[in-house]
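> below is the sequence, then the predicted model.
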Amino acid sequence: MAASKLNVVNHPLIQHKLTLMRERDRSIKSFRELTNEIGMLLCYEVTRDLPLEMVDIETPLMPMKAPMIAGKKLTLAPILRAGVGFLDGMLAMVPSARVAHIGLYRDPKTLQAVEYYFKAPQDLSDRMAILMDPMLATGNSACAAAALLKSRGARDIRFVCLLAAPEGIAHFQREHPDIPVWTAAVDEKLNDHGYILPGLGDAGDRMFGTK
């Protein structure tokens, strides 16, 4: 992926929390809390260049012009189920955002993404959509989710993940070269089952205690 489209967030707080999440014996409660916290920090990074407009307000002392975010509110789009781990943290930063839910699961044999649910606001063409999933592994789910958002008219999409594999980055670039990616780390490779190495295991299972 072109350097301008891949953003590796090296903030010390994010890197520290990601290391804690990688630990095999990390509790479900702690893993979930860390996902939420990193979601807040990544939201700060991915919205760094939101457009601003000057508006008239009154402070307790005098009128002034002050900056506010311009345009329509954001749409946050988690890929179910693990992407939900980012949602509360991001909503804490942008509480007025709308939410799209994208239900996909990975077929264990083909590793292809299978859609089972999609519910999004109607007017995505005028909104920035932040697509989120903890892992960009094969890239199949991310590619399918981005295509669904585009089918609803989304033109400004940004993808946010905790970890990415080189294979997933390359796949995503081929399918959606217009969508920039923010990630906390690019790991070594995928294993034969499509899991990121060294990775942190299955984020959904670790978040919800289902394995």
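It's in.

> all strands of this structure, in order?
Here the chain has its strands, by DSSP state E, at 6-8, 52-58, 63-69, 75-80, 98-99, 101-106, 113-119, 128-132, 135-136, 156-164, 181-186, 189-190, 196-197.

> give me the angle between the second one and strand 63-69.
By that I understand strand 52-58. Note on geometry: by axes from the mean of the first three to the mean of the last three C-alpha atoms, to 10 degrees, strand 52-58 and strand 63-69 are set 140 degrees apart in direction.

> returning to what we had before: among the strands of the chain, which is nearest L42?
L42 lies closest to strand 156-164 among those, at 5.2 Å (C-beta to C-beta). C-betas here are computed from N, CA, C, even on glycine.

> quick one: that closest one to chain centroid distance?
Using C-alpha atoms, centre = their mean, to the nearest Å, the mean C-alpha position of strand 156-164 is found 4 Å from that of the whole chain.

> got it, and stretch 62-81?
With C-alpha atoms, centre = their mean, you get 17 Å for stretch 62-81.

> so for that stretch, mean pLDDT?
Mean pLDDT, stretch 62-81: 90.

> and what of stretch 168-179?
94.

> centre of the chain versus stretch 158-166, how much separation?
Per C-alpha atoms, centre = their mean, the centroid offset for stretch 158-166 relative to its chain is 7 Å.

> sorry, back to before: which one of the strands of the chain lies closest to Q15?
Short answer: strand 181-186, nearest of the strands of the chain by C-beta to C-beta, at 6.9 Å.

> what residues does the closest one touch?
Identification of contacts with strand 181-186 by C-beta atoms under 8 Å, 6 or more residues apart in numbering yields 1, 5-9, 14-15, 18, 38, 42, 45-46, 136, 158-166, 169, 172.

> relative to M132, how far out is the residue nearest to H11 when sequence neighbours are not counted?
Nearest residue to H11, sequence neighbours excluded (C-beta to C-beta, 6 or more residues apart in numbering): L41, at 6.4 Å. L41 sits 13 Å away from M132, going by C-beta to C-beta, to the nearest Å.

> perfect, that will be all.
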